[in-house]
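Asker: Fold the stuff below for me.
(chains A, B and C)
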Amino acid sequence: MNEVRPELDELLFSSLENVLVESVEATDMTVRIEALSTARQATCPGCGYLSGRIHGSYLRFPHDLPTTGRSVVVALRVRRFVCAEGSCSRKTFAEQVPGLTRRFGRRTERLRSTLISIGLALAGRAGARMTDVFGAPVSRNTLLRLIASLPDPPITAPRVVGVDEYAQRKGRIYGTVLVDVETRRPIDLLPDREADTLAAWLAERPGIEIVCRDRAPFFAEGATRGAPQAIQIADRWHLWHNLGEAAEKCVHRHRGCLRPAPAPPDEPPEEAEPAASSPWPTGHRFAERTRAKHATIHALLKAGHSKRSVARQLGMTLNTVLRFSRAATPEELFTGQWQSRATKLDAYKPYLDLRWQEGCTNAWKLWEEIREQGYPDGYGNVRNYVSRTLRGKPQPVGPRPPSARAVTRWLLTHPDALVESHRIQLKAVLANCPELDVLAKHVRTFAHMVTDLQGDQLPEWIESARAATGLPSLNRFAHHLERDLDAVVAGLSQPWNSGVVEGHVNRIKMLKRQMFGRAGFELLRKRVLLA
DNA sequence: CACATTGCGTGCGGAATAAA
DNA sequence: TTTATTCCGCACGCAATGTG
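Answerer: Residues are numbered from 1 along each chain as shown, chains lettered A, B, ... in the order given. As a prediction, this is how the structure comes out:
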């Protein structure tokens, strides 16, 4: 046993000197390590002087890292020293084993730091559940308190700083994240998004040369006041994002142009379906009934039955049978008195067809829409039209038109990265609508500016975009850029990419989701900066 | 926040040890 | 032997830590 001891010290407290392990005993649930401190002297926490005069000793029981799911307790004999320093206010003090214990600590330092890591990664409740599994169960409060006790992370003075907002409570409470764009690390979190707060923060760090921000006015103002020496950059991520939003609005406005022009795909079905000339398309109930009757009557006549007998068998008037027998095809009979009579709905049918193609199959909603446009009658006829005519038609005559969002995505994707079929569809849409084609050209030149750092071309781009007719959202976007021209030109000319900043905003969103409800801003801040 | 647990500071007194 | 000093265990109250 005596030869084992030094090895146990090595194994259990390898990095610690002055700890001697006496014995280890394990039960089902716990492991108990008997150990004692062997240092000759200890430092008085009151005056800082070393003392070797032992006053007494006692056992303390710090919890240690669990092994194999069993909790570990060290039964550690520590000594109390007499402080010989006359000027010191205290008479005795308890020794601490550096790296193992701290004053008042109920856990070893390594268990403590492990719990802190769990807290930083998972925060309160989730972390507490983790510690159960881990074998050192603690409450969520303890984890949060451990995080709170962490020293404030040192805030470095960055050269290129990224600024963005994040939501603590979406729509209500917003804060500001600051990122060192060069090291890609978050440097600080501010509890609000006021220009004053940002200005004060920046003013304390005169070394800042470049501020990457979005075009929110409070950040522009804060940066101007707090870091007048710095170049402001409207970051490219946001520029591109905002362009995307403007583009989607434009496309949505022109959503009527998205249906591909009735070119090649529409012709073959027309040829393949000569019945298209018939006023009653297949699928219509009346037409089906007439076709069925026509077939039955002609079959019976061909089988040798007399017209009178057929009429008796089918419960029809002789006249009816005569009418059917004279018609060679059922289509000849599609000439009822209601046929091709004008209805009040006629004026709205093209609109209804369009909406149906767009995917709106809710008759009530369609009725509400055309009622807005002046349709005087009730819901009934609209329902009939939808259920008989539109629903009877196999809905997509030709491919469904792409959604505004899809077209926007194609517009914003580099042409080379676009799938073949999307490229063809996009080409068709642009050929169909000159305004969208203009939009596409602007998006492409903007993309070129963004990727090739061609900020000097911006004024020209803005002028052209503002003049583009039929694209008010693009005009507005260009107008906004013009108002922040210097920063945007800088953003398009500098290599700083602030996708980094956006990444951190997303990470905060995730951390926040794991954050114990009342833990508050300070804890969130520590987790963002330390985790 | 209220409450429980446990480390800490302190003094007391007996035992051990050293010096007179 | 007496006396001084140190060691050591104990009890008590305070305060830091931990829990729900």
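
Asker: Those residues of the stretch 51-200 of chain A touching DNA strand C, which are they?
Answerer: Proximity of the stretch 51-200 of chain A to DNA strand C (CB under 7 Å from any atom of the strand) is limited to residues A:53-58, A:79, A:82, A:103-107, A:137-139, A:141-142, A:145-146. C-beta: built from backbone N, CA, C; applies to glycine.

Asker: Only whichever of those are buried, select them in ChimeraX.
Answerer: Buried residues among these (16 or more other CB atoms under 10 Å), as a ChimeraX selection:
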select /A:79,82,107,138,142,146
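
Asker: care to break chain A down by domain?
Answerer: For chain A, whose domains are defined here by automatic domain parsing, the residue ranges read A:4-106, A:111-148, A:160-235+A:497-530, A:238-258+A:404-491, A:285-334, A:346-392.

Asker: With distance to A:Pro154 and mean pLDDT added, can I get the ones you listed in CSV?
Answerer: Written out in CSV, the entries for the domains of chain A read as follows (distance: least, CB to CB, whole Å; pLDDT from 0 to 100):
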stretch, distance to A:Pro154, mean pLDDT
domain A:4-106, 21, 79
domain A:111-148, 16, 78
domain A:160-235+A:497-530, 10, 73
domain A:238-258+A:404-491, 29, 81
domain A:285-334, 79, 72
domain A:346-392, 56, 74
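
Asker: Run a quick neighbour tally on A:Arg112.
Answerer: The number of residues packed around A:Arg112, counting by other CB atoms under 10 Å, is 19.

Asker: Which ones, among the residues of the stretch 51-200 of chain A next to DNA strand C, also lie beside DNA strand B?
Answerer: Counting by CB under 7 Å from any atom of the strand, A:55-56, A:58, A:103-106, A:141 from those sit close to DNA strand B.

Asker: residues contacting A:Thr30?
Answerer: A:70-73 (CB atoms under 8 Å, 6 or more residues apart in numbering).

Asker: same check, this time on A:Leu411
Answerer: A:247, A:251, A:426, A:439-440, A:443.

Asker: Need the max-distance pair from these.
Answerer: Based on CB to CB, the longest span within the contacts of A:Leu411 runs between A:Ala247 and A:Leu426 and measures 12.5 Å.

Asker: So which of the ones next to DNA strand B among the residues of the stretch 51-200 of chain A next to DNA strand C sit within strands?
Answerer: Those of these mapping onto strands are A:55-56, A:58, per DSSP state E.

Asker: Name the nearest of these relative to A:Ser403.
Answerer: Within those, proximity to A:Ser403 (CB to CB) peaks at A:Tyr58, which comes in at 74.5 Å.

Asker: Kindly provide the distance from the closest one to A:Arg110.
Answerer: Note on A:Tyr58: its distance to A:Arg110, by CB to CB, to the nearest Å, is 22 Å.

Asker: what does A:Val386 give?
Answerer: Relative to A:Arg110, A:Val386 is positioned 72 Å away (CB to CB).

Asker: Show me where the stretch 1-150 of chain A has its strands.
Answerer: Along the stretch 1-150 of chain A, counting by DSSP state E, counting those that start in this stretch, strands occupy A:19-26, A:30-37, A:42-43, A:50-51, A:54-60, A:63-67, A:70-82, A:92-94.

Asker: try the stretch 151-300 of chain A
Answerer: A:160-169, A:173-180, A:185-190, A:210-213, A:231-234.

Asker: JSON lines please, covering those strands and showing distance to A:Ala128.
Answerer: As requested, the strands of the stretch 151-300 of chain A are arranged in JSON lines below (distance: least, CB to CB, whole Å):
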{"stretch": "strand A:160-169", "distance to A:Ala128": "22"}
{"stretch": "strand A:173-180", "distance to A:Ala128": "26"}
{"stretch": "strand A:185-190", "distance to A:Ala128": "24"}
{"stretch": "strand A:210-213", "distance to A:Ala128": "38"}
{"stretch": "strand A:231-234", "distance to A:Ala128": "43"}
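
Asker: wait, is A:Glu463 part of a strand?
Answerer: No: looking at A:Glu463 with DSSP: H, G, I helix; E, B strand; the rest coil, it is helix, so not inside a strand.
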